[in-house]
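Peer 1: Requesting a structural model of the entry that follows:
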Amino acid sequence: MGNCSDHRPPPSSLATIFSGESRVGCSLRSATHPCKSRGHHCGRSGRPQCTYCKRIGHIQENCYSIHGFPDKGMAKDEKLSQSHETWKQEIARSQSQVDALQKELTELKACNQGSDGNAKKDLEVLWRRVKTASTLLTYLKSKARLMAVPHLAHTSCGIKQLEGVCFVDKNGIPLSGWSSNVDFSSFDDADEESWNGISHQHGSLDEQDAAYIGEMLKSVQMVTDVMEALVKRVLLAESETAIEKEKVSISKEEIKRKSTQLENMSMKLQEMEHFALNTNSILTEMRQRVEDLVEETTRQRERAAENEEELSRVKQEFESLKSYVSGLITVRETLLSSEKQFRTIERLFEKLVAKTTQLEGEKMQKEAEVQKLMEENVRLSALLDKKEAQLLALNEQCKVMALNASNM
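Peer 2: A predicted model of the protein is given here:
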């Protein structure tokens, strides 16, 4: 048969698997663990270790080529979304690599029938890794399908809806206490229950095989927690959108109430203007009467002067003097009554002037109040436009997040 050891998978294939899995873990941890240096160092196994994501199997430049430099200033949501898309691409690439490795394993099985026990052991380890990767990929695919359906995603994430508390997660934390960030610090150590399950299924594992499976488990757990965090973010966004809608409705009701008040004030102002016009017409009539009385008084004075001249002419005659005296007394009484009437008219005119001044002051005060109400209306309109813009922005953000969730 020949020497089958020459047909073993080249080191580049195994390195590709380690590199792909390391990139998957790196893509999820790069959003919360910025790099402090641009170099790299080797781990305990002699393989390179990235100083950016602290993973073994690749260097920092490969992390930067996938995720970008940490000083890009991207938002956390965009980083997580980009990391999720990168993870999907890495999963697809890993799936193709797994298929290629399965084909190579089939060929290796055919040529390794007469090989020694070490080759069989290597094939078993490799086959175990392939089956583990395939199982985890199947689990992630089913998890992604569940996340695409809202109520199934809530059930999968342990989110429940309680009366009076709204949504609570699997830890009993209400919606108001949820965080939008993903904590990756809990994945630094392997899960003991997962180790025991894998050891019971596959028997004893060597150090390299255990490290590989541990990295795969941590990567899958990270991806699952990222999916749950995205579901929580969607719920938080929906809750904030409902709150903003309620605020907008309250603002609309307030604007309607202010508009009604403005209409009432406008009607009152029109009534005041009508009353002022009537008052002006009354004042005009009173002025005309006063002028007529003044003219009449002047005429009476002229007549009195003529009467005095007439009395002086008939002074010599007794009867003329008597008639003159009686006429003078009559004129005096008339003048006194005219003066009393004139004083009464002057008092009425002063009262009318005071009333007109008061009405003009009230009119100016009402105009100032109307101006304030108009300014308040302009301010409320600007506030409404601002709230509508915020609502549109939130709607766009919800659409983007819904599209991202549907793409998952």
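
Peer 1: which residues touch Lys387?
Peer 2: Shown here is Lys387, whose contacts under the criterion C-beta atoms under 8 Å, 6 or more residues apart in numbering are Glu244, Lys247, Val248, Ser251. (C-beta placed from N, C-alpha, C; glycine too.)

Peer 1: quick one: it from Arg233, how far?
Peer 2: Lys387 sits 23 Å away from Arg233, taking C-beta to C-beta, to the nearest Å as the criterion.

Peer 1: sorry, back to before: buried ones from the contacts of Lys387, can you make that a PyMOL selection?
Peer 2: In PyMOL, a selection of the buried entries from the contacts of Lys387 looks like this (16 or more other C-beta atoms under 10 Å):
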select buried, resi 244+251
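
Peer 1: Need the contacts of Lys387 in TSV (columns: secondary structure and distance to Cys398).
Peer 2: Conversion of the contacts of Lys387 to TSV gives the following (DSSP: H, G, I helix; E, B strand; the rest coil; distance: C-beta to C-beta, whole Å):
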residue	secondary structure	distance to Cys398
Glu244	helix	11
Lys247	helix	16
Val248	helix	15
Ser251	helix	20
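
Peer 1: from the contacts of Lys387, which is closest to Glu291?
Peer 2: Of all the contacts of Lys387, the one with the least separation from Glu291 (C-beta to C-beta) is Ser251, at 58.8 Å.

Peer 1: Surely the closest one touches Ala382?
Peer 2: No. Taking contact to mean C-beta atoms under 8 Å, the distance of 11.4 Å between Ser251 and Ala382 leaves them out of contact.

Peer 1: so how many other residues sit close to Ala304?
Peer 2: Using other C-beta atoms under 10 Å, the number of residues around Ala304 comes to 17.

Peer 1: same deal with Phe349?
Peer 2: Close neighbours of Phe349, defined as other C-beta under 10 Å, add up to 15.

Peer 1: Go ahead and confirm it touches Arg289.
Peer 2: No. Under the contact definition of C-beta under 8 Å, Phe349 does not touch Arg289, with a separation of 9.6 Å.

Peer 1: quick one: Asp292 from Ile345, how far?
Peer 2: Taking C-beta to C-beta as the criterion, Asp292 is separated from Ile345 by 10 Å.

Peer 1: Who has more neighbours out of those two?
Peer 2: Ile345 (15 against 10).

Peer 1: now the more buried one, nearest residue through space, not along the chain?
Peer 2: For Ile345, ignoring the flanking residues on the chain, the nearest one in space by C-beta to C-beta, 6 or more residues apart in numbering is Val290 at 5.3 Å.

Peer 1: Helix or strand: which one has the one you found?
Peer 2: Using DSSP states H and E, Val290 sits in helix 207-313.

Peer 1: Let me know the average pLDDT across that helix.
Peer 2: Taken as a whole, helix 207-313 carries a mean pLDDT of 83.

Peer 1: Within the helices and strands, which one has Ser338?
Peer 2: Here Ser338, judged by DSSP H and E, is contained in helix 318-407.

Peer 1: Compute the inter-axis angle for that helix and helix 207-313.
Peer 2: Computed with axes from the mean of the first three to the mean of the last three C-alpha atoms, to 10 degrees, the direction of helix 318-407 lies at 170 degrees from that of helix 207-313.
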